[in-house]
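>>> Structure for the following, please:
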Amino acid sequence: MLSVIGLCCGLFIYLANRFLPKEAAHLKRAEAIAEMLPGMNCGACGMPGCFAYAQSLAQDSEIISSHPCMTMMRNESTLEKMGAYLGCDLRGLGSAKEAVIRCNGYSEVISEYKGVQTCKAAVQLAGGYKKCPFGCIGLGDCISVCPEGAISIDSELNIAVVNHTRCIGCGLCVKECPNNLIEIVPGAVPQYLGCSYTAKQNIIDREKCKVGCIHCGICNRTTPDALDWNEKTTMPRFVEKSADATESVRKCPVGIIIPLGNKDGMLRAEVRQKQRKKQGFEKAPPVL
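Next up is the predicted model:
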């Protein structure tokens with residue numbers, strides 16, 4: 001009986017390979033593509049896993065333009081090999097993207113939180129345990145989904161920080177932040193705004209931190225071509241444009257326009273404020 005079953009199965013496989021050559025060719029193509037993928041199954045490309053992504057590419061190579069594998073994009077040799085196999089030029093698709101966290105981390109802790117140690121849980125309780133209701137909670141929901149281990153909690157700033165040498169810009173962390181603090185920006189953007197306090201006036205008992213944006217608009221008047229200005233929040237965004245805003249970095253009264261990938265910029269924000277106070281100029285531009 002088992003021999004008959006085995007014979008039938010073998011015959012079925014033979015007939016499938018004989019009369020369904022396109023399906024077999026598609027599978028072989030998908031397997032070859034999968035060999036070039038990182039195999040992390042992170043899902044950042046929008047597919048459930050690397051093999052599902054390989055199957056989609058085997059069927060339509062144009063998918064790589066709309067759903068790039070950001071891990072592969074950082075590997076030039078693999079990118080070149082993939083392009084040769086798919087028969088298309090993938091140069092230019094590997095433009096670097098990075099995550100930025102729009103928070104300086106100086107918000108005061110106003111209550112002791114003993115609940116579930118996730119940002120999503122903490123923010124449900126009166127908007128978190130820090131005074132700033134827009135700031136980073138610091139419990140690391142974003143860390144758990146980063147496929148490259150590029151995010152960590154800084155013990156000094158008590159916020160999540162990104163290692164820009166490891167970040168691949170996949171965007172998985174963006175979905176995890178309950179306060180919507182994380183943005184994916186082109187790697188060519190030289191700076192970003194390290195604050196998300198969108199309220200123009202301080203919320204009673206939930207004030208912005210000492211280096212929060214004061215909505216003065218100096219950056220927009222100084223380097224308008226280097227930013228996208230939001231009239232509703234009166235805050236800049238350095239997402240689409242990559243022009244250098246060094247002058248705005250220098251003139252920002254609270255020092256929260258931060259050079260991309262530079263943690264020292266966050267630390268200097270407080271230092272610059274102390275320098276101004278010693279000099280007696282409360283609203284003077286920061287000293288770099």
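>>> For the stretch 101-250 of the chain, which segments are assigned as strands?
Counting by DSSP state E, counting those that start in this stretch, the stretch 101-250 of the chain has strands at residues 151-154, 159-162, 182-186, 191-193, 228-230, 235-237.
>>> and these, which is most packed in?
Greatest average neighbour count among these goes to strand 191-193 (a mean of 25), per mean count of other CB atoms under 10 Å. Where C-beta positions appear, they are placed from N, C-alpha and C, glycine not excepted.
>>> Below-threshold pLDDT in the stretch 1-150 of the chain: ranges please.
Counting by pLDDT under 70, the stretch 1-150 of the chain has low-confidence residues at 1-2, 4, 6, 12-24, 91-95.
>>> residues in contact with stretch 61-74?
Stretch 61-74 is contacted from outside by 36-38, 40, 42, 44-47, 50, 53, 56-57, 78-79, 82, 86-88, 90, 93-97, 147-148, 168-170, using CB atoms under 8 Å, 6 or more residues apart in numbering.
>>> One more: stretch 132-139?
Outside stretch 132-139, the residues that touch it by CB under 8 Å, 6+ apart are 101, 103, 105, 107, 117-119, 122-123, 127-130, 153, 158-160, 178-179, 181, 196-199, 203, 206-209, 212.
>>> Of those residues, which belong to helices?
119, 122-123 (DSSP state H).
>>> Give me the buried entries from the contacts of stretch 132-139.
With neighbours counted by 16 or more other CB atoms under 10 Å, those contain buried members at 101, 103, 105, 107, 118-119, 122-123, 127-130, 153, 158-160, 178-179, 181, 196-197, 206-209, 212.
>>> Could you report the distance from residue 155 to residue 105?
11 Å (CB to CB, to the nearest Å).
>>> sorry, back to before: let's see which of the contacts of stretch 61-74 end up in helices.
Short answer: those in helices (DSSP H) are 36, 50, 53, 56-57, 78-79, 82, 86.
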